[in-house]
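J.: just need the structure, nothing else, for what follows:
(2 chains)
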Amino acid sequence: MRRIHGGGGGGVGFKWSFNLLKQKLIQSGRNTNHWNRTSILQSPIPKPCSRSYSTESQMQLSPNLITIMEQRLSAIEHRSACLENFMNQPEASPAEFSRANKELRKLRGSMELITYLRTKQKEIDGLRSLMAECPEDKDMLDMANEELSQVMEEEKRLQNLLLKSLLPRDDADERDCILEVRAGSGGEEASLFAMDIFKMYERFSQNNGWKFEVVDITESDSKGYKEASAAISGADVFGKLKFESGVHRVQRVPVTEKLGRVHTSAVSVAILPQADEVDVQLRNEQLRIDTYRSGGSGGQHANTTNSAVRITHLPTGITVSIQDERSQHMNKSKALKVLCAKLYELERSRLHTSRSRLRSEQIGSGDRSERIRTYNFPQGRVTDHRVGITHHAINDVMQGESLDVFIDALLLQQEMDAIASFGSIE
Amino acid sequence: MLRISLDDLYQLWKQRIEDRRPFQYIVGCEHWRDLVLSVQEGVLIPRPETELIVDLVSDAVSNNEELGQGLWADLGTGSGAVAIGISKILRIHGGVIATDLSPHAVSVAMFNVQRYGLQHVIEVRRGSWFEPLKDVEGQLVGIVSNPPYIPSDNISGLQAEVGRHEPRLALDGGASGMDYLLHLCNGAAAMLKPGGFFAFETNGEKQCKFLVDYMQNQIAGSFCNLNILSDFAGIQRFVTGFRQ
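T.: All right, here's what the predicted structure looks like:
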C-alpha cells in the first residue's frame, strides 16, 4: 500500500487543500510536517495492546481532547471496578453474572492500557517530585530529565492508542464488498467510462491482493458497460473502498466525437458491504426463486442448458437475476450473495439515517447522487471533491495504482472527523 | 485456431440441430451445482431440479449430526451427481454407496468419483436398486434417489433431446411412473436405521401425494415426518421423511 509521506507531497505531484487538516483539535507535533501521521492511516485499528507505533510519528493530542479522554478513561475504570465488585457478590444471578462478565471482557483491552498508562503517570509524578526535592544535584537532574522525557513519550503513545480504541468503528470495515458501477448521464460515452472505472477497481483489487469476481455485466451498444457488478473479497475491502460510493464524473473527448469536443458524463458507483444470510436473517418463505423453464413437467422430462435464476425478496421487492454461471445452483448462490448485500446496505442506511451524526455528513452522506470525483483527461488530473485533492497522473489512477492517494486521505479525514466528534458523543 | 476441423464442427452442429442430440452429450459434460460432471450417451444428464436433493440432505444433516457420520445410498446414481454432491456434506466416517443397473452409468459414475478424488468416500456398485446392498441392510442413515418416474405412455411424447437420446432405463417408471418409487419406499423401510432419512425425486404433485399416502397408510408405522417439497418452478418434486 502506498502511503502519503510527510514532506514528499510536492514531489509526488498532488496539490493539497485539505481544510480539515487545519482543524485546531489536533496540533501536529511538528508544525512543518502535516503529513507525519502515518500511524493513524493504518487500518484496521490494531488491538489496544499492540505496539506497532513508532514514537516518532506520535501526534500531540490537544489538552482539550486529553481532558475529554481522561473523563472517558475514569468512567471506564469506574465501570470496570463496579463490574468486578458486582461479580464478587454471591447473590448475582448466573444471567447477570455472565452479562457483567461479557461487558468486563469488552473493557479488558482498554483497562490494560489504562493501568499501564496510570503506572507511567505515577512514574512521571515520582520523577517530578524527585527533581523538585534536589534542585542542586546537576547529575541527578539530567538523569531524571532524560527519564522523564522517555516516560512522557510513552504516556503520549498510550494516550494515542487509547484514543484510537475509543473512537467509534464501522463493523463493516473488515467485510468483503459488492461493487456496482452504473453508467449515468452521457449515453454511450458514460458506458465506456463505466467500463474504465470497473476495470480500474479490478486492477486496484489485484494490486491489493484481493479477489475480484465479476458478478454480472450488461454491455451497451458500443461494448461499454451499462451496468456491471463484482464481488471483491480480501482484507479490509469495505473499509478501503467504502468512500468510492457516489458519482464519478468524467471530462474527455469521447472516441465517438468527431469534432474533438470535450464531453462531460457521469458514472455512479456503489460499494455494498457483503453480508451473509445470518446478518440479514433471510428466510426461505420471503424469497421467490424463478428459473427458466419452458413450461411443462420439468425434471426428467426436460433438457435445458439455461441455468438463469432470479430471486425476489418479497418484503422489499428487490430482485436479483444471475445468469453467467453454468449451473442453477451457482447462479442461485451468487444471486443470494448480491441480495444479502443489498438488504444489508438497506438496513445500514436505515440505521445510518436514524443516527445521523455530524461525522457522516462531513465524509459525504454516502448518497449515491453525490458527486465525489472528477476525472479530467485533457488536463490529466483526477480531483476528489470531498478532500479537495488533485492527483496529476490520471493514467496511474485508471490503472488502479494511485487510488490510495484518495483513499488514504479519506481514511485520515474519517479518523479526524471521528476525533472531532469524540467529545460531542454522549 | 479451432481444435477440430470445420467439417467435424459442422457434423456436431448437424447432430445438435437435426438430430437434437443434447448439448451436454456433444460437449461430454454437464455443469451441476459446483461440479462439472462427465456425461455420455447411456447416462441420464443430471437435471437442475435434482440439485435440490443435495440441499435437502444438507438441511437434514445440519439438524442431526449423526446423519453426517453414517452410510448413505444413492440408488440409480447415473453420472454419480447426487452421490458426489452429498459426499461433500458428510463428515469423517460418513460414506456413500452409489448403485446403478446400467454398466454405462457405473463406469461414468466411477470416472466422476475419481475425478473428484472421492474413491475413499463413494463406492460405486452395479446392480438393481437394493440388490447390491444386502450386506448393509438396516445400517443406512440415508437414502437418496432420482429414479425413473415418467409414465411409459409419456415417453414417446418427450422433448426430442430426452426421448431420442437419453436412456429409457433412466426415464421410464412403468405405467403410472411409480414402479420404482414404490419399490424404493418398501426397500427403504428395511434398509434404513431408525431415524434414517430419505429424499426421493418424483414426477410432480400426483406422485408426491400418492407416495405420502402410501407410506402413511399402506406401510404405516415405517416412516414419520413425511414432507413434500417443491422445485423452483413450484412443482411438488420431492418427498422426504425419516425411518421411525
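J.: the residue of the stretch 251-400 of chain A found nearest chain B: neighbouring residues, count only.
T.: Nearest residue of the stretch 251-400 of chain A to chain B (CB to the nearest CB) works out as A:Arg326 at 3.5 Å. No exception for glycine: its C-beta is placed from N, CA and C like everyone else's. Residues lying near A:Arg326 (other CB atoms under 10 Å in any protein chain shown) number 16.
J.: can you verify my assumption that it contacts A:Val309?
T.: No. Between A:Arg326 and A:Val309 there is no contact under CB atoms under 8 Å: 11.8 Å.
J.: pretty sure B:Ser128 is in a strand, no?
T.: No. Looking at B:Ser128 with DSSP: H, G, I helix; E, B strand; the rest coil, it is coil, so not inside a strand.
J.: tell me how far the lengthiest helix in chain A lies from the chain's centre.
T.: If you go by DSSP state H, chain A has its longest helix at helix A:94-133. Offset of helix A:94-133 from its chain centre (CA atoms, centre = their mean, to the nearest Å): 30 Å.
J.: what helices or strands is it leaning on?
T.: Here helix A:94-133 touches helix A:63-87, helix A:138-166, going by 3 or more CB pairs under 8 Å, 6 or more residues apart in numbering or on different chains; DSSP states H and E.
J.: please list the residues outside the first one that contact it.
T.: For helix A:63-87, contacts defined as CB atoms under 8 Å, 6 or more residues apart in numbering or on different chains pick out A:25-26, A:61, A:92, A:96-97, A:100-101, A:103-104, A:107, A:110-111, A:114, A:117, A:159, A:162-163, A:166, A:419, A:422-423.
J.: of the residues you listed, grab the buried ones for ChimeraX.
T.: To isolate the buried members of the contacts of helix A:63-87 in ChimeraX, using 16 or more other CB atoms under 10 Å in any protein chain shown:
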select /A:26,61,100,104,110,111,114,117,159,162,163,166,419,422
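J.: so how far is the helix or strand containing B:Ser62 off the chain centroid?
T.: Secondary structure assigned from DSSP states H and E places B:Ser62 in helix B:51-63. Relative to the mean C-alpha coordinate of its chain, helix B:51-63 is positioned 14 Å out (CA atoms, centre = their mean).
J.: pull out the buried positions in the helix or strand that that helix is followed by.
T.: Counting by DSSP H and E, the element after helix B:51-63 in chain order, helix or strand, is strand B:71-75. Neighbour counts using 16+ other CB under 10 Å place B:71-75 of strand B:71-75 among the buried residues.
J.: check whether strand B:71-75 comes near chain A.
T.: No. Applying CB under 8 Å from any CB of the partner chain, one finds strand B:71-75 out of contact with chain A, separated by at least 15.0 Å.
J.: secondary structure element for the closest residue to A:Gly184 other than its chain neighbours?
T.: Excluding the flanking residues, the one nearest A:Gly184 by CB to CB, 6 or more residues apart in numbering or on different chains is A:Ala266, at 4.0 Å. According to DSSP H and E, A:Ala266 maps onto strand A:263-273.
J.: with A:Asn303 instead?
T.: For A:Asn303, there is no enclosing helix or strand under DSSP H and E.
J.: same check on B:Ile97?
T.: B:Ile97 belongs to strand B:95-100 when assigned by DSSP H and E.
J.: got the contact list for B:Ser102?
T.: Each residue near B:Ser102 by CB under 8 Å, 6+ apart is listed here: B:42-43, B:167, B:169-170.
J.: in JSON lines, list those residues along with distance to A:Val338.
T.: Formatted as JSON lines, the contacts of B:Ser102 follow (distance: CB to CB, whole Å):
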{"residue": "B:Gly42", "distance to A:Val338": "39"}
{"residue": "B:Val43", "distance to A:Val338": "34"}
{"residue": "B:Pro167", "distance to A:Val338": "38"}
{"residue": "B:Leu169", "distance to A:Val338": "41"}
{"residue": "B:Ala170", "distance to A:Val338": "36"}
